[in-house]
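> Provided below for reference: sequence and predicted model.
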Amino acid sequence: MRITALLLLALTALTSAVSYHGYKVVSVTPRTTAEAQVLQNAVQQLQLEQWTHPQSLGVPVDVLVPPSLAYVFLSGLRARHIPVQVKITDVQAIIDEQAATRTVSQSLPRAFDHTEYHSLDEIYSILDGVEADFGSLVSSYIAGTTYEGRDIRVAKVSSGGGDTRPVVWIDCGIHAREWITPAFCQYFLDQLTSGYGSNSDVTALLDTYDFHIMPVTNPDGYEFTWSDDRLWRKNRVPNDGGCHGVDLNRNFDAAFGETGASGNPCSDTYYGTSAFSEKETQTVRDALGALGDRVVMYYNMHSYSQLWMFPYGYNYDLPANYDEQNRVAGVGVAALEAVHGTPYEYGPIASTIYIASGSSVDWVYDSAGVQYSYTIELRDQGSWGFLLPADQILPTGEETFAGVVAAINAI
């Protein structure tokens with residue numbers, strides 16, 4: 001059997017460049033402000049990467065720890081009797097195991113497959129297949145291109161209406177390592193296309209709304225997680241000082257460059273040289289702008305932590321329509337939880353997860369005028385984190401689809 005160059009790349013990806021052998025994901029649960037300060041000091045002094053940033057005491061904080069610092073970090077916490085648990089003992093072992101289980105194929109897929117994650121080329125091939133198979137129901141357009149010249153594509157799903165219907169926008173994959181989000185966008189697209197005409201709820205939905213779905217907002221970064229660094233977060237634009245990448249979800253013009261973002265070009269939360277400095281964020285801005293006031297609901301998908309959130313992220317102020325956004329989020333969470341019993345919390349970004357300036361959700365609400373603007377942190381709560389196994393794609397898609405549809409129907 002002949003193995004194509006693309007397949008060979010997929011099989012060798014994640015094993016050749018950045019290695020996470022011996023890296024641990026450690027969950028720390030500070031119970032007092034003093035313990036939280038001890039943890040924060042250790043993270044800063046040892047220059048560790050904090051994966052979660054809960055607002056409340058008694059909630060676990062996940063930290064990525066290299067093998068050279070594991071002993072000093074763990075022993076320091078244990079000496080102060082701060083609860084600590086090693087959730088993942090060897091990050092690279094999980095990366096290698098998941099890479100080894102991917103199905104060998106000689107050709108790019110042209111149909112949905114929710115049993116494994118897909119590369120950028122595979123995702124775009126699926127979009128081509130869906131467009132060909134479903135005719136006038138689905139059309140895709142290239143909304144922009146990245147620094148490295150990759151297309152940023154959007155799938156438009158519409159049963160008619162002559163571009164006059166209200167629009168629901170969903171974008172996924174703005175943070176490269178969060179693979180479950182492009183997988184969710186594919187699942188959502190699958191449910192719309194397969195359900196129209198056969199499922200009364202989906203048919204009613206598509207006879208009321210058009211959907212614009214951007215499955216990979218950060219193509220350069222996403223591809224980099226397949227070829228070089230599975231845990232890469234940002235895009236791949238070169239920065240001064242030899243570092244690469246801007247955190248695209250800190251690059252929108254919503255309190256740009258303020259709290260919750262970094263001016264350090266090497267930081268994972270680097271906000272860039274100016275608001276909308278990046279081709280990816282310009283693409284989202286321009287595509288939404290072209291749709292104008294037709295956009296009634298916006299979703300920016302992330303992982304992980306199981307949270308359903310809305311503005312504001314850049315401060316603790318509440319949006320003018322707080323009661324309404326909170327009500328609709330509650331409807332969505334109730335429907336989501338009813339599918340598999342997966343617990344979610346909901347509320348404003350700043351008080352639910354952390355302060356973050358320059359996010360798409362805040363800009364969409366403030367400047368694009370979209371009254372229902374949400375960000376959802378998908379599964380899980382840290383057992384796998386960014387390395388969510390492929391066997392959780394389907395249940396994640398099922399429950400999140402139910403939640404999003406319920407929220408749309410609630411407005």
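Looks like it arrived, so ask away. Residues are numbered from 1 along each chain as shown.
> List the contacts of the closest residue to F256 other than its chain neighbours.
Using CB to CB, 6 or more residues apart in numbering and skipping residues adjacent in sequence, the residue nearest F256 is A275, 4.0 Å away. C-betas here are computed from N, CA, C, even on glycine. For A275, the contact set (CB atoms under 8 Å, 6 or more residues apart in numbering) comprises N251, F252, D253, F256, G257, G358.
> Which member of those is positioned nearest K156?
Nearest to K156 out of those is F252 (CB to CB; 22.5 Å).
> Look up how far D210 lies from the nearest residue to the closest one once chain neighbours are set aside.
Leaving out its chain neighbours, the residue that sits closest to F252 by CB to CB, 6+ apart is W363, at 3.9 Å. Look at W363 and D210: by CB to CB, to the nearest Å, they are 21 Å apart.
> do the same with D121
Distance from D121 to D210, by CB to CB: 27 Å.
> more crowded one of those two?
D210 (21 against 16; other CB atoms under 10 Å).
> Can you name the residues bridging to that one?
V167 (DSSP bridges).
> right, and it touches S158 too?
Yes. Counting by CB atoms under 8 Å, D210 touches S158, with 4.3 Å between them.
> Domain map for this structure?
24-98, 120-235+247-409 (automatic domain parsing).
> Common neighbours of D210 and S158, please.
Shared contacts of D210 and S158, defined by CB under 8 Å, 6+ apart, are found at R165.
> now the strands for this structure?
Applying DSSP state E to the chain gives strands spanning 24-28, 49-50, 61-65, 84-88, 138-145, 151-157, 167-171, 210-214, 295-303, 307-310, 345-348, 372-378.
> Can you add distance to N41 and give the ones you listed back as a markdown table?
Output for the strands of the chain, formatted as a markdown table (distance: least, CB to CB, whole Å):
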| stretch | distance to N41 |
| --- | --- |
| strand 24-28 | 12 |
| strand 49-50 | 12 |
| strand 61-65 | 13 |
| strand 84-88 | 15 |
| strand 138-145 | 42 |
| strand 151-157 | 40 |
| strand 167-171 | 36 |
| strand 210-214 | 39 |
| strand 295-303 | 27 |
| strand 307-310 | 26 |
| strand 345-348 | 27 |
| strand 372-378 | 26 |
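> tell me the pLDDT at the closest residue in space to S383 that isn't next to it in sequence?
Of all residues not flanking S383 in the chain, K87 sits nearest, at 6.1 Å (CB to CB, 6+ apart). K87 is assigned 96 on the pLDDT scale.
> Tell me how far K87 lies from S27.
Taken as CB to CB, the span from K87 to S27 is 5 Å.
> Neighbour count: these two, which is higher?
Ranked by neighbour count (other CB under 10 Å), K87 and S27 place S27 first, with 21 against 17.
> okay, and the helix or strand of this protein with the least pLDDT?
helix 5-12 (a mean of 42; mean pLDDT, DSSP states H and E).
> ranges for the helices of the stretch 1-150 of the chain?
For the stretch 1-150 of the chain, the helices defined by DSSP state H, counting those that start in this stretch occupy 5-12, 33-46, 67-79, 91-100, 120-134.
> And for the stretch 201-350 of the chain?
219-227, 279-291, 322-340, 349-352.
> The spatially most central residue of the chain - nearest residue in space that isn't next to it in sequence?
Centroid-nearest residue in the chain: H302, 2.5 Å away (criterion: CA atoms, centre = their mean). Distances taken as CB to CB, 6+ apart place E377 nearest to H302, at 4.9 Å, with adjacent residues excluded.
> likewise T352?
Nearest to T352 is M309, by CB to CB, 6+ apart, at 5.1 Å.
> Show me what that neighbour is bridged to.
Bridge pairing for M309 - DSSP bridges - gives G347, T375.
> Now do the same contact list for it.
Taking CB under 8 Å, 6+ apart, one finds A329, Y346, G347, P348, I349, T352, I353, V361, Y374, T375, I376, E377 in contact with M309.
> Make CSV out of the residues you listed and add pLDDT.
Listed next are those as CSV, based on pLDDT from 0 to 100:
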residue, pLDDT
A329, 98
Y346, 98
G347, 97
P348, 98
I349, 97
T352, 94
I353, 92
V361, 98
Y374, 98
T375, 98
I376, 98
E377, 98
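> Just the buried residues from the residues you listed, in ChimeraX please.
Those of the contacts of M309 that count as buried under 16 or more other CB atoms under 10 Å are selected in ChimeraX with:
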select :329,346,347,348,349,352,353,361,374,375,376,377
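> Relative to W232, which of the contacts of M309 is nearest.
Nearest to W232 among the contacts of M309, with distances taken as CB to CB, is E377, at 18.5 Å.
> Test my guess that G76 contacts A42.
Yes. Counting by CB under 8 Å, G76 touches A42, with 6.1 Å between them.
> okay, these two: which has more neighbours?
Neighbour comparison, G76 and A42: the larger count goes to A42, with 20 against 17 (by other CB under 10 Å).
> Show the contacting residues for that one.
So A42 contacts L48, F73, G76, L77 (CB under 8 Å, 6+ apart).
> Quick check: bridge partners of the closest residue in space to the first one that isn't next to it in sequence?
Translated: L48. If the residues on either side of it in the chain are set aside, L48 comes closest to V63, at 5.3 Å by CB to CB, 6+ apart. On the basis of DSSP bridges, V63 is bridged to V26, Q50.
> ok, now how distant is V63 from A356?
Following CB to CB, the distance that separates V63 from A356 is 18 Å.
> can you check M214 too?
Taking CB to CB, one finds M214 at 20 Å from A356.
> Same question for R230.
Where A356 is concerned, R230 sits at a distance of 23 Å (CB to CB).
> same thing with D96?
32 Å.
> out of these two, which sits in the busier spot?
Comparing D96 with A356 by other CB under 10 Å, the one with more neighbours is A356, at 25 against 17.
> Surely that one and G260 touch.
Yes. At 3.9 Å, A356 counts as touching G260 under the criterion of CB under 8 Å.
> intersection of neighbour lists for the two?
By CB under 8 Å, 6+ apart, the residues touching both A356 and G260 are R250, T269, G313, Y314.
> Tell me the pLDDT of the first one.
We note a pLDDT of 98 for R250 in this prediction.
> R294 too?
98.
> Just confirm it contacts V167, I think it does.
Yes. Between R294 and V167 there is a contact under CB under 8 Å: 4.6 Å.
> Mind listing the shared neighbours of the two?
D210.
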